[in-house]
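Participant: fold the stuff below for me.
(one chain, ligands or ions: 1)
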Amino acid sequence: PSIAAVIPAAGVGKRMQADRPKQYLRLHGKTILEHSVKPLLAIEAVKQLYLALSPDDPYFAATSLTSRQLIRVDGGAERVNSVLNALMQIDAEQMPWVLVHDAARPLVRVEDIEQLISRCLAVGHGGILATPVRDTMKRGQTLVTHTVERNELWHALTPQFFPTVLLRQSIAAALAAGVTITDEASAMEWAGEPVLLVEGHSDNLKITRPADLQLAAFYLEQNR
Ligand code: C5P
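Facilitator: Predicted structure coming up:
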């Protein structure tokens, strides 16, 4: 099937303490956004890429991203609103499946995205890239109340891959119900839809704090 990709890139990235949103910081001569877009466009089945940008974004025009597969939409107040704005534009008959990927994850591998797509298509429902939690996990405020069983804990990464119509309906319904949505999967879970965990590489990090940029540069220099 043909696949649409959505990249929410309308955030301001306050935690980076930089002069511009983190997706426009440079990593090896290119913006983080350019790194994040590239592996998605390398997937043959990805026929359209929707980019949610702030309406007054002054940085996008200076990037090399002019591919005719890119469709610009306005971002919203939160990540989920940016994603929903893009989903509303997709013709689901032409693009029955959608990949949603953070603009701030420049290191995702094409092979991991291909795994996610093929595993989900094989089971016939959506899923996410994830990595197993390796630290011992505690719950508590000041004192530990208990140790959380780690065997079943995963870090949710992106991309996340779902049937277009189901994802659009689930996000809209979850928002209307006032549910907090931090990734696409949480809307699908809330709607009772299955979400497959597909193990990806843990170096697919999200650039959040200044040190993450140095770590990402280090990973890029490795022969991955
Ligand atoms: O801030 P955080 O790392 O959670 O943002 C994840 C992604 O969501 C980033 O790519 C950011 O640009 C995007 N985002 C958005 N619209 C918002 C807030 C965040 O597209 N209102």
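
Participant: near A217, how many other residues are there?
Facilitator: Neighbourhood size, A217 [other CB atoms under 10 Å]: 12. Just so you know, the C-beta spots here come from the backbone N, C-alpha and C atoms, and that holds for glycine as well.

Participant: what about the helix or strand hosting it, near the ligand?
Facilitator: A217 belongs to helix 210-221 when elements are defined using DSSP states H and E. No: Helix 210-221 is not in contact with the ligand by CB under 6 Å from any ligand atom; minimum separation 10.0 Å.

Participant: average pLDDT for stretch 113-133?
Facilitator: Model confidence over stretch 113-133, given as mean pLDDT, is 98.

Participant: about what we covered before: any chance you could list what contacts the helix holding A217?
Facilitator: Where contact means CB atoms under 8 Å, 6 or more residues apart in numbering, the residues beyond helix 210-221 that reach it are 16-18, 25, 27-28, 32, 106-107, 203, 205-207.

Participant: doesn't R79 make contact with G11?
Facilitator: Yes: with contact defined as CB atoms under 8 Å, G11 reaches R79; the gap is 6.7 Å.

Participant: name the residues contacting each of these two.
Facilitator: Residues touching both G11 and R79 (CB under 8 Å, 6+ apart): there are none.

Participant: restricted to strands, list the contacts of helix 210-221.
Facilitator: With DSSP state E as the criterion, strands contain L27 from among the contacts of helix 210-221.

Participant: of the contacts of helix 210-221, which is the most crowded?
Facilitator: Counting neighbours by other CB under 10 Å, P106 leads these with 29 neighbours.

Participant: pull the contacting residues for that one.
Facilitator: With contact taken as CB under 8 Å, 6+ apart, P106 is in contact with 27, 32, 35-36, 207, 216.

Participant: do the same with Q94
Facilitator: By CB under 8 Å, 6+ apart, the contact list for Q94 reads 2, 47.

Participant: kindly indicate whether it is helix, strand or coil.
Facilitator: Secondary structure, DSSP: H, G, I helix; E, B strand; the rest coil: Q94 is coil.

Participant: distance from the longest strand along the chain to the middle of the chain?
Facilitator: For the chain, the strand with the greatest residue count under DSSP E is strand 154-163. Centre-to-centre, strand 154-163 and its host chain are 7 Å apart (CA atoms, centre = their mean, to the nearest Å).
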